[in-house]
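Trainee: Build me a model from this:
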Amino acid sequence: MAYAVARYKRDTDEAAYRTYVTEGIRGLLGGGELPSWAELVRPSRPAERMTGRQLADSVLERLAKLGGDGD
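Mentor: Below you'll find the model as predicted:
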């Protein structure tokens with residue numbers, strides 16, 4: 001019986017964590033629909049080839065749009 005109680009507690013803790021992470025990601029995406037796992041693993045657009053500097057500039061630009069200070 002103790003095993004069943006421990007398993008139930010673990011399962012509910014894991015479900016709560018998955019919900020927390022999912023809602024956090026949804027918030028970062030502006031509350032819209034979450035992409036499917038396949039879309040995350042295999043995006044529909046081809047990978048971009050950027051230099052390190054271009055990549056850093058892109059990240060800083062996105063941070064500025066989100067309200068990050070870039071420091």
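Trainee: So which residues of this protein form strands?
Mentor: Remark: no strands are assigned in the chain by DSSP state E.
Trainee: what residue is smack in the middle of it?
Mentor: The chain has I25 as the residue nearest its centroid, 4.5 Å off, counting by C-alpha atoms, centre = their mean.
Trainee: Against R18, how distant is that one?
Mentor: 11 Å (C-beta to C-beta, to the nearest Å). For the C-beta atoms, the positions are set from N, CA and C on the backbone; glycine is no exception.
Trainee: Just name the shakiest helix or strand of this protein by mean pLDDT.
Mentor: helix 37-41 (a mean of 65; mean pLDDT, DSSP states H and E).
Trainee: List the buried residues for stretch 13-29?
Mentor: Residues of stretch 13-29 classed as buried by neighbour count (16 or more other C-beta atoms under 10 Å): none.
Trainee: Kindly format the C-alpha coordinates of it as CSV.
Mentor: In CSV, the C-alpha atoms belonging to stretch 13-29 read as follows (Å, rounded to 0.1, in the frame of the first residue of the first chain):
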residue,chain,number,x,y,z
ASP,A,13,4.0,15.8,-8.6
GLU,A,14,5.2,15.1,-12.2
ALA,A,15,1.9,16.1,-13.7
ALA,A,16,2.0,19.4,-11.7
TYR,A,17,5.5,20.0,-12.9
ARG,A,18,4.6,19.3,-16.6
THR,A,19,1.6,21.7,-16.3
TYR,A,20,3.9,24.4,-14.7
VAL,A,21,6.5,24.1,-17.5
THR,A,22,3.8,24.0,-20.2
GLU,A,23,2.2,27.2,-18.9
GLY,A,24,5.5,28.9,-18.6
ILE,A,25,6.4,28.1,-22.2
ARG,A,26,2.9,29.3,-23.2
GLY,A,27,3.5,32.6,-21.4
LEU,A,28,6.8,33.1,-23.2
LEU,A,29,5.1,32.5,-26.5
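Trainee: quick one: average pLDDT of it?
Mentor: Taken as a whole, stretch 13-29 has an average pLDDT of 82.
Trainee: Pull the distance from it to the chain's centre.
Mentor: Here stretch 13-29 is found 9 Å from its chain centre; the criterion is C-alpha atoms, centre = their mean, to the nearest Å.
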